[in-house]
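Colleague: The sequence isn't on hand, but the structure is:
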């Protein structure tokens, strides 16, 4: 009750009178929570979109059977249908196509058995073709297709209209026989889906005699595990028999690294927000020290003072977190497409049609914001309770200085740094497959490093600032000297502002350095591996990004080699396969021909070993795969093929950055022999020496343009595309980094504002003895720039270390030892300018307040 | 009422040890108006802080109403300050954000009483010190004398066993100071025990007893008639 009285009669009045300080503290928490909510919601939306697609497509199927990505023999269907306990087993083809007109919209093609599929999935058809009684039956015609009502309305397509689509067989014309209501499978991918008969789909997408999946419903009372086992017995090894939930989990695992790293950077925003709260409460305690003394003298206990400050923080943080949750929702709406694009670029093609709002995500992150604020407030609130009433009332020197420079802080700083080193050492010495080698562990090391350096910031300031007095006086005269002295006088409080800047700059610099390292290594690798002049594909050459790549028949290779100016053409195919429960990228090309002109970056093994690939059951794996699965040249691994598991000998380890889940290289002849898949995703064309690349490109497009829509990208443009893709994948990281910088900037404003308010009398004296208003402002702004510069310099040093840890722990784990650490000097210079510039801006308002100090009032101020 | 037995207070000032009070022993009886005098640095305020439970002795014992102020928990000491002691400071120490009425009622608000209950009691005390019309004013809108009257009303609101006044007129002009002394005197006449620290012999003469301190120890203990000077 007395707490309620104190809140009502004391705290509320502070809220009314110190709005600026309050608003800035709230803004810090609000932005931190907003970043977390936005990234969480966007990530959830991407995952929900996958889950929704899986569930809508699955219908009543309780088990799904999949084999190799290129499909498996349809003879397997009959085997499954004959298993006791199976109610229905229906075949499915899943492919990607695109409309040839308009925006060349990409759509998913669902090839189904029209006579049986309604047992598993419900199709609700609104408009039917005028001349048919049953559109599903009519689908049996090879040119029949069902579109969703949503897509038809958006594209202006009517019933019975003919549409042209890009398929594996080239451009084909289909007739729209019906429109699907937005229910069941028609809800997948926001309605960008079309249904065809399975036979027609096999023809159009080069899967004659093969199917992609069998969806199975079970008779009532049948047990999942028993049925999985029974089905497994009738199929060759290597097939996956999963529930839809398990498929969702596979996607979740595939995206887990992406989600964790996004989560990490959003947590960092809140981490910097915690500095802000720490700073705000510390300053509040200093400013209200006399009030605390009076309250203590009048009989308020230490616990009541502690509870008062924590409750104030709780209320402020609750309101700020609530606002942050709302703002996060708005941010999420703005960024969800960006996240979906990143996932498409790096992992699996996805499109998110709606934001997956989750109270749990919003409230959970909001609660994290409140908890983080309370945690940050504990130390300064405790410092408030330590004040003895007598010293507080008589305004004796505040003991906070000693609290932040004291032994405990030194010990905590040393322990944090030690923890960072130990965790990193444990990480480095652990076996590659060990649970210790996880993103969480390496992040813990980075956080401890950040914490350790942040904690010793006041100590560093105390040592460094006195050394700068001479230089400051030389550069800025009396104002510079005063600014330096002010900074030194309050090293604890200024140290917290410096630490906030340090954290955000460290994150900025570490990201920039890690990105720069990955980018340079990747470009070196691309330069080494792509010697073709033109890359020909049906979609964006980076398979998952932009418009979809629809495979082309392998025999186009010979046709393309006949085109004028073309020297040679090499096929390239890629797909995912399941290895030890994880999706691994399989890259297929003509190894012997590529080695003729391309020095593949071999880390273990030799060119001769690589040349042993064609026609034999040999493969090459990338460093990431080798490290994760502890594989070395000479080992044998078993891979699932459509005909069952086949042992493959590993001949060499190479550099490849195409997938963080691991990549396997296989020769095209070996692949075709086992997979019976003649399709090609990209043709790599080498132009005859002396011939014009543009002319060859035109000739290729002229030769095949009538059959199918082709992308024929000169290699130089392809590299630009890769660069764009990389930049896209880091846009969100940069956005959150800027958010943390803004939060840190708010910290500087709060610090300086408090400093100005506390120095009212001092400023009054300076004004009284003849200091001009602009000189007063200059002192505050120089002080602000000094805080920014100190934070910037320390942040850059810390960022270089964290960037290295990130590279060692995250990227090297995924891509191998070939990635070297490159410092991005440009970004580091920008970081310094940003820190100093932002700090100068943050100092403007406090400087204005200082200049506006009323001399008479300040000098009579008690 | 208040008893000190060999009370001492030592501060650490850097590496130097400062003995602010040494072996102070005396008893203050109920209804007394004790003036404590002495030059600057003689330990007057330290002594007052020990009697009010703002500080604790480093040696010896302090009792208020036979209850020890030493060796008890901070919470127990806090409750004694809240309910048994009324404090008047030289610089008033009113909370600038609160109105006069809220400042007066603060000790009761700390005790958990609702403001609706506190308000009439605060208003009555403000009336008693002649500030009925200033109840809604904040400290910055009051004169020095008015602020000290608010502080006196605040000291009285819990009906304390003793009022401790630390140079209550140190910041006021002579006319206002006299008004405050007369107010304190009238409170003492109504039976209120008062201990006042001052360095002004004229002010000390308002008391019924004067103790002078020298170098942290009592020098003289004089009982006077209690008549006004």
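Modeller: Sure thing, it's come through. All values reported here derive from a predicted model rather than from experimental measurement. Residues are numbered from 1 along each chain as shown, chains lettered A, B, ... in the order given.

Colleague: Distance-wise, check the residue of chain B found nearest chain A relative to residue B:99.
Modeller: Of all residues in chain B, residue B:82 sits closest to chain A, at 2.2 Å by C-beta to the nearest C-beta. In short, each C-beta sits where N, CA and C put it, glycine included. Noted for residue B:82: a distance of 21 Å to residue B:99, by C-beta to C-beta, to the nearest Å.

Colleague: lowest-pLDDT helix or strand in the chain?
Modeller: Since no chain was named, I'll use chain A. Within chain A, confidence by mean pLDDT, DSSP states H and E is lowest for helix A:400-405 among all helices and strands, at a mean of 47.

Colleague: hm, I was asking about chain B
Modeller: Result, chain B / mean pLDDT, DSSP H and E: helix B:74-84, a mean of 84.

Colleague: Need the residues that contact it.
Modeller: A:296-303, A:389, B:52-54, B:56, B:64-65, B:67, B:69, B:87, B:107, B:110-111, B:158, B:160-162 (C-beta atoms under 8 Å, 6 or more residues apart in numbering or on different chains).

Colleague: Buried residues in that helix, which are they?
Modeller: Within helix B:74-84, the residues that count as buried by 16 or more other C-beta atoms under 10 Å in any protein chain shown are B:77, B:78, B:79, B:80, B:81, B:82, B:83, B:84.

Colleague: So which of these is the closest to residue A:65?
Modeller: Residue A:65 has its nearest neighbour among those in residue B:78, at 73.3 Å by C-beta to C-beta.

Colleague: burial of residue A:561, as a residue count?
Modeller: Residues lying near residue A:561 (other C-beta atoms under 10 Å in any protein chain shown) number 15.

Colleague: Give me the pLDDT value at it.
Modeller: The model reports residue A:561 with a pLDDT of 91.

Colleague: gap between it and residue A:593?
Modeller: Relative to residue A:593, residue A:561 is positioned 12 Å away (criterion: C-beta to C-beta).

Colleague: And residue A:312, by the same measure?
Modeller: 72 Å.

Colleague: Of the two, give the one with the bigger neighbour count.
Modeller: residue A:312 (23 against 18).

Colleague: which of the residues in stretch A:466-486 are buried?
Modeller: Result for stretch A:466-486 [16+ other C-beta under 10 Å]: buried residues A:468, A:469, A:472, A:473, A:476, A:479, A:480, A:481, A:482, A:483, A:484, A:486.

Colleague: ditto for stretch A:743-761
Modeller: Buried residues in stretch A:743-761 (16+ other C-beta under 10 Å): A:743-760.

Colleague: Relative to the whole chain's centre, how far out is that stretch?
Modeller: With C-alpha atoms, centre = their mean, to the nearest Å as the basis, stretch A:743-761 stands 35 Å off its chain's centre.

Colleague: now check it, is it near chain B?
Modeller: No. Among the residues of stretch A:743-761, none lie within reach of chain B under C-beta under 8 Å from any C-beta of the partner chain; the closest is 13.2 Å away.

Colleague: Residue 184: neighbour count?
Modeller: All of this refers to chain A. Applying other C-beta under 10 Å, we find 19 residues neighbouring residue A:184.

Colleague: my bad, the chain I had in mind was chain B
Modeller: 24.

Colleague: That one touches residue B:196, doesn't it?
Modeller: Yes. Contact criterion C-beta atoms under 8 Å: residue B:184 and residue B:196 qualify, at 7.0 Å.

Colleague: Please enumerate the shared neighbours of those two.
Modeller: B:33, B:165, B:168, B:206.

Colleague: just the buried members of the residues you listed?
Modeller: For those, a neighbour count by 16+ other C-beta under 10 Å gives the buried set as B:33, B:165, B:168, B:206.

Colleague: May I ask you to confirm that the second one belongs to a helix?
Modeller: I take that to be residue B:165. No. Going by DSSP: H, G, I helix; E, B strand; the rest coil, the assignment for residue B:165 is strand, not a helix.

Colleague: Test of understanding: give the bridge partners of it.
Modeller: Here residue B:165 sits in beta bridges with residue B:88, residue B:196, going by DSSP bridges.

Colleague: Could I get the contacting residues of it?
Modeller: Contact partners of residue B:165, counting by C-beta under 8 Å, 6+ apart, are B:87, B:88, B:155, B:184, B:194, B:195, B:196, B:197.

Colleague: quick one: what helix or strand has the fifth one in it?
Modeller: If I follow you right, that is residue B:194. Element membership for residue B:194, per DSSP states H and E: strand B:193-197.

Colleague: can you list the weak-confidence ranges in the stretch 551-700 of chain A?
Modeller: A:597, A:600 (pLDDT under 70).

Colleague: Could you do the stretch 751-862 of chain A as well?
Modeller: A:758, A:768-770, A:813-818, A:855-862.

Colleague: Which strands or helices does the strand holding residue B:194 pack on?
Modeller: Helices and strands touching strand B:193-197, by 3 or more C-beta pairs under 8 Å, 6 or more residues apart in numbering or on different chains; DSSP states H and E, are strand B:33-37, helix B:44-52, strand B:162-166, helix B:174-189.

Colleague: thinking again about what came up before, buried residues, the next helix or strand after the least confident helix or strand of chain A. List them.
Modeller: As assigned by DSSP H and E, the chain's next helix or strand after helix A:400-405 is helix A:407-429. The neighbour-count check on helix A:407-429 (16+ other C-beta under 10 Å) flags A:409, A:413, A:416, A:417, A:419, A:420, A:423, A:424, A:427 as buried.
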